[in-house]
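A.B. asks: pasting the structure only:
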């Protein structure tokens, strides 16, 4: 979407109201109320541009030596009608991540999708259903993995962490802009899974089947439980297949993002080619 280009605004004060508003997006309450979030780094902003997102605000370090790539992002933001803020190093230090901060960031509008109609989901699709996942780093990594394997999207069930938290967005490496995300209550997921035409697969410690030995019938809904407790009994009962990732060491479980990645690559294997 093209808008009226706006002249960049120079900001050096930490007390500036625009700076305060962007900093406030670190809080989930503010993100929920405004529907906005922050993404940092030129490569991630380019992914947003290519995915059809339009920035609300673009912040860049004043005086930074930009190449053609960075200048094209400023031109894109300005052409979308976004406000462009050129800030001092001190101001950017308050807005950017503390570890490996970037010289450019943007504010975007959040985007959630409705649950897809189970009857209309293509047979080759894989959706990942996450039950009350709490770790933003895990969620970001899972979104990135879903993108990598060509998954159709992610469904967040119940009291999950925020997919638009800064840590999550950063961990996705841009996949927050390319992977559809639905957000539903616990009461909504039961009829949706009951109407699913293919396999509803859950990983479970009490499962009898090795996840590598199963022939998965698409479309596949891969259901993963919260870090630590895993799937609730109610969610496990909604699965048509429970599988297990075998381990030879002393531990009996894997990090959620790792377990999801292993299972996704097994399910999506036939569709993946070099």
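C.D. replies: Arrived safely, thanks for sending. The structure displayed is predicted, hence computed values, not measured ones. Numbering: from 1, shown residues only.

A.B. asks: Helix, strand, or coil at residue 197?
C.D. replies: When classified by DSSP: H, G, I helix; E, B strand; the rest coil, residue 197 comes out as coil.

A.B. asks: ok, it touching residue 117?
C.D. replies: No. Look at residue 197 against residue 117 with C-beta atoms under 8 Å: they stay out of range, at 10.5 Å. Bear in mind the C-beta positions are built from the backbone N, C-alpha and C, glycine included.

A.B. asks: between those two, which one's more packed in?
C.D. replies: residue 197 (13 against 9; other C-beta atoms under 10 Å).

A.B. asks: Show me how the chain divides into domains.
C.D. replies: By the assignment in automatic domain parsing, the chain contains the domains 9-109, 118-271.

A.B. asks: Low-confidence bits of the chain, can you list those?
C.D. replies: Counting by pLDDT under 70, the chain contains low-confidence residues at 1-7, 65.

A.B. asks: The same query, at a cut-off of 80, please.
C.D. replies: Along the chain, the model assigns pLDDT under 80 to residues 1-9, 63-66, 97-101, 251-253, 274.

A.B. asks: so residue 84 is in which element?
C.D. replies: strand 83-87 (DSSP states H and E).

A.B. asks: Which is the succeeding secondary structure element to that strand?
C.D. replies: Past strand 83-87, the next helix or strand by DSSP H and E is helix 89-95.

A.B. asks: for residue 201, phi and psi?
C.D. replies: phi -110, psi 130 (degrees, to the nearest 10).

A.B. asks: And the spatially most central residue of the chain, how far from residue 51?
C.D. replies: Nearest to the geometric centre of the chain sits residue 176, at 3.8 Å (C-alpha atoms, centre = their mean). Using C-beta to C-beta, to the nearest Å, residue 176 is found at 9 Å from residue 51.

A.B. asks: One more: residue 235?
C.D. replies: According to C-beta to C-beta, residue 235 and residue 51 sit 31 Å apart.

A.B. asks: more crowded one of the two?
C.D. replies: Set residue 235 next to residue 51 and count neighbours by other C-beta under 10 Å: residue 235 wins out with 25 against 14.

A.B. asks: Next, count neighbours for the nearest residue to residue 113 once chain neighbours are set aside.
C.D. replies: Excluding its sequence neighbours, the residue lying closest to residue 113 (C-beta to C-beta, 6 or more residues apart in numbering) is residue 180, at 4.4 Å. Residues lying near residue 180 (other C-beta under 10 Å) number 16.
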